[in-house]
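J.: all I have is the shape, not the residue letters:
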Ligand SMILES: C[S@@+](CC[C@H](N)C(=O)[O-])C[C@H]1O[C@@H](n2cnc3c(N)ncnc32)[C@H](O)[C@@H]1O
């Protein structure tokens, strides 16, 4: 157990998901930030207790305790804050845990937009029955239903399959500073999303993918094509990479299309 003074622990307790305890080492690997800077931003997270308790309350009102929500909301918050990122894209929203924390980080940065894509499925009855997915929406709820109202202004949320919508959204953007894949976890689909993203990915940008135990070597191949290591959070299958910058680690900046190294 982390000691009670660990930065971020209060927010984790308020959200009620022990898996969400941030991994400072993973954040350092992906951002190049010092341990002190990571601690400082995670301490900031502890100021969000009220908001986290609100998300938890909405989840409980939804009638279930588990919505397969993203396990590293505070880590992504810290990454966006530490690198000052502004153009964010995610696929897979469900109740909106990842979305809420990306929106919070943009608010704290004072700039930027989150573009989210989700193809919702709905729980058929009042209870989740055997065979139904834990990502499905409880009755009367819509995609992103746990995102606090105060964060919704300016959120660019699209409903439909990312197979169709991701290329459309990406066409409208000059660059992407951070991409989070948390939608359909198959090797083909992850490869599709990563290759759609590639031409818009900023130098110094960050790419994250959850549940890669189901997506073969799709992410690893993508990392190899940039010549950068794949970073796994706490040895789990939530992984990330940082696209190289021309001038070494630092703030993400706009770039034209990348010329990736050919995968061996
Ligand atoms: C694991 S959940 C996302 C969890 C979310 N990131 C969070 O923090 O709570 C996966 C979501 O992706 C959606 N999804 C599944 N296939 C999709 C597709 N082809 N395009 C877009 N969204 C999809 C699911 O309906 C579900 O809402």
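T.: Everything's here; your move. Note that the structure is predicted; figures quoted are calculated from it, not measured. Numbers count the residues shown, from 1 in each chain.
J.: which helix or strand contains residue 49?
T.: Using DSSP states H and E, residue 49 sits within helix 49-61.
J.: I meant to write residue 41 there.
T.: Here residue 41 is covered by helix 35-45, with elements defined by DSSP H and E.
J.: for that helix, which positions count as buried?
T.: Neighbour counts over helix 35-45 (16 or more other C-beta atoms under 10 Å) mark 37-39, 41-42, 44-45 as buried. All C-beta spots, glycine's among them, are computed from the backbone N, C-alpha and C.
J.: how about the residues of the protein by the ligand?
T.: Proximity of the chain to the ligand, by C-beta under 6 Å from any ligand atom, involves residues 68-70, 91-98, 117-121, 135, 161-163, 182-184.
J.: can I have the buried ones of those as a ChimeraX selection?
T.: Entered in ChimeraX, the line below selects the buried ones among the residues of the chain next to the ligand, by 16+ other C-beta under 10 Å:
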select :68,69,70,91,92,93,94,95,96,97,98,117,118,119,120,135,162,163,182,183,184
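J.: okay if I get the buried residues of helix 35-45 as a markdown table plus distance to residue 190?
T.: As requested, the buried residues of helix 35-45 are arranged in a markdown table below (distance: C-beta to C-beta, whole Å):
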| residue | distance to residue 190 |
| --- | --- |
| 37 | 30 |
| 38 | 27 |
| 39 | 32 |
| 41 | 28 |
| 42 | 28 |
| 44 | 31 |
| 45 | 28 |
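J.: which parts of the stretch 51-200 of the chain are strands?
T.: In the stretch 51-200 of the chain, the strands defined using DSSP state E, counting those that start in this stretch lie at 87-91, 113-118, 156-159, 176-181.
J.: contact partners for the closest residue to residue 8 other than its chain neighbours?
T.: Nearest residue to residue 8 in three dimensions, chain neighbours excluded: residue 42, at 4.1 Å (C-beta to C-beta, 6 or more residues apart in numbering). For residue 42, the contact set (C-beta atoms under 8 Å, 6 or more residues apart in numbering) comprises 7-8, 22, 24, 27, 74, 78.
J.: now with 6 Å?
T.: 7-8, 22, 78 (C-beta atoms under 6 Å, 6 or more residues apart in numbering).
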